[in-house]
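Trainee: No letters, just coordinates:
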């Protein structure tokens with residue numbers, strides 16, 4: 001596992017999850033993670049980032065494999081079947097990649113598969129409570145088990161109000177009693193829903209349905225790469241819809257999101273990886289080739305043992321200390337009152353530079369540093385500068401001593417290369433704040449994603 005917060009393995013949201021859990025604020029649409037993470041991030045020992053990874057990513061991943069073991073054991077005859085199911089999960093590429101960083105998917109996966117375990121053993125109220133926790137982990141993905149269990153179990157339908165109550169209690173407490181992150185621009189309770197809606201609308205409006213063949217191939221590739229030979233027993237189990245229909249319902253969402261959103265939506269497979277693993281185990285009873293289950297088990301164990309060779313953050317994937325922690329520590333070199341633009345640049349090809357999605361997470365990174373070190377570095381998200389609707393955030397920037405450029409001036413700078421755009425915006429900020437230094441982050445090592453703070457050049 002990563003010894004500390006890391007950007008590797010699609011971990012850019014780690015900054016936001018760390019900030020929300022550390023200071024108990026609404027920063028990311030992850031109510032359950034924030035509430036459970038608060039005491040963990042503030043333990044008197046260890047590193048806050050490393051503790052979150054251990055207790056909310058690594059341990060939930062192991063517990064998920066145990067849940068898979070007992071679900072398969074309950075539903076199969078073969079003595080090897082539970083081991084095939086459990087090993088196929090622990091050797092799953094995408095599941096492993098998110099179990100070693102700060103992310104919410106391991107916790108969500110545990111809540112979902114633990115709910116199914118309780119349902120399998122007739123503990124319906126426990127299943128309902130855990131299902132409500134899954135719903136409070138992720139507003140879209142967490143709803144899928146709820147819908148599937150409603151269709152699957154008559155006993156669950158009679159008490160379906162319990163998960164709803166659990167979800168609403170956690171959700172409303174999150175948005176009612178916690179302070180909202182001052183630089184949060186969107187309504188985090190609807191961000192995920194709107195994102196899904198936009199993906200669907202783009203498919204129909206822009207004709208992206210032409211890419212369905214390609215994205216379907218990408219989705220299948222993700223599953224094959226993730227589960228290896230266990231795909232054989234998964235397919236063996238899924239051949240008969242009568243016994244596998246609940247799993248068809250559960251996996252429909254991640255495949256739908258991959259079809260709509262493309263390869264970068266692979267993270268949505270992670271939450272349901274334990275259900276794929278259950279199918280891998282239950283499919284052992286339906287294999288027709290002698291000793292094939294042993295071959296599949298060995299293949300999954302080999303995959304599991306090979307993971308650390310490729311995903312050892314702090315050794316093979318990242319530096320030690322991690323590049324994410326370096327980004328935070330780099331702020332030591334700035335004077336109080338310095339301004340950091342919310343953007344991270346990287347060189348893509350032929351010397352052309354682009355901005356990446358980490359820009360939305362620069363603000364929590366800076367504020368985390370401020371609160372940990374009693375400093376006053378100012379994060380300036382570009383959208384705040386040109387959009388007058390963000391008046392609360394603009395007032396906060398002014399309260400902290402920053403003079404804002406005129407919004408029309410910032411808007412006129414659009415349409416240039418990203419690097420020139422950032423430089424010009426930085427220059428406008430510098431002109432309005434001649435007594436303050438202005439910086440932005442740039443990736444200087446693409447392999448490790450190590451960043452440096454670049455000072456805006458006024459010449």
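Mentor: Received, thanks. Keep in mind the model is a prediction, meaning the values are calculated, not measured. Residues are numbered from 1 along each chain as shown.
Trainee: I'd like the average pLDDT over the strand ranked longest in the chain.
Mentor: Among all segments of the chain classified by DSSP state E, the strand with the greatest residue count is strand 339-349. Strand 339-349 shows a mean pLDDT of 85 in the predicted model.
Trainee: Can you name every helix or strand that it contacts?
Mentor: Contact here means 3 or more Cβ pairs under 8 Å, 6 or more residues apart in numbering; DSSP states H and E; on that basis strand 339-349 packs against strand 352-355, helix 359-373, strand 378-380, helix 382-386, helix 418-432, strand 438-445, strand 450-455. For the C-beta atoms, the positions are set from N, CA and C on the backbone; glycine is no exception.
Trainee: what residues does stretch 411-426 touch?
Mentor: For stretch 411-426, the surrounding residues in contact (Cβ atoms under 8 Å, 6 or more residues apart in numbering) are 341, 343, 345, 352-355, 382, 385-386, 405, 410, 428, 438-440, 456-457.
Trainee: Ok, stretch 452-459 next?
Mentor: Applying Cβ under 8 Å, 6+ apart, the set of residues contacting stretch 452-459 is 330-331, 333-334, 340-341, 345, 423, 426-427, 429-430, 437-442, 444.
Trainee: Could I get the full set of strands for the stretch 101-250 of the chain?
Mentor: Secondary structure of the stretch 101-250 of the chain by DSSP state E, counting those that start in this stretch: the strands cover 179-180.
Trainee: Show me the shaky parts of it.
Mentor: Across the stretch 101-250 of the chain, the stretches falling below the confidence threshold (pLDDT under 70) are 186-212.
Trainee: Flag every buried residue along the longest strand of the chain.
Mentor: Taking 16 or more other Cβ atoms under 10 Å as the neighbour-count basis, strand 339-349 is seen to contain the buried residues 339, 340, 341, 342, 343, 344, 345, 346.
Trainee: what do you get for stretch 51-62?
Mentor: Using 16+ other Cβ under 10 Å as the test for burial, stretch 51-62 gives 51, 52, 53, 54, 55, 56, 57, 58, 60, 61.
Trainee: which SSE is the last one in?
Mentor: Translated: residue 61. According to DSSP states H and E, residue 61 maps onto helix 59-75.
Trainee: Does anything pack onto that helix? Which helices or strands?
Mentor: The elements that helix 59-75 packs onto, with contact taken as 3+ Cβ pairs under 8 Å, 6+ apart, are helix 81-90, helix 105-120, helix 273-282.
Trainee: Pick the most deeply packed of those helices.
Mentor: Between the helices and strands packed on helix 59-75, helix 273-282 has the highest mean count of neighbours, a mean of 30, where neighbours are mean count of other Cβ atoms under 10 Å.
Trainee: between it and helix 59-75, how big is the angle?
Mentor: Relative orientation of helix 273-282 versus helix 59-75 (axes from the mean of the first three to the mean of the last three Cα atoms, to 10 degrees): 30 degrees.
Trainee: How far does helix 273-282 sit from its chain's centre?
Mentor: Helix 273-282 has its average C-alpha position 22 Å from the chain's average C-alpha position, going by Cα atoms, centre = their mean, to the nearest Å.
Trainee: Got the domain ranges for the chain?
Mentor: 14-310, 323-455 (automatic domain parsing).
Trainee: Please convert those to CSV, extending it with distance to residue 4.
Mentor: Rendered in CSV, the data for those read as follows (distance: least, Cβ to Cβ, whole Å):
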stretch, distance to residue 4
domain 14-310, 4
domain 323-455, 5
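Trainee: contacting residues around the residue nearest in space to the middle of the chain?
Mentor: Among the residues of the chain, residue 103 comes closest to the average C-alpha position under Cα atoms, centre = their mean, at 4.9 Å. Contact analysis of residue 103 by Cβ under 8 Å, 6+ apart lists 11, 13, 14, 17, 57.
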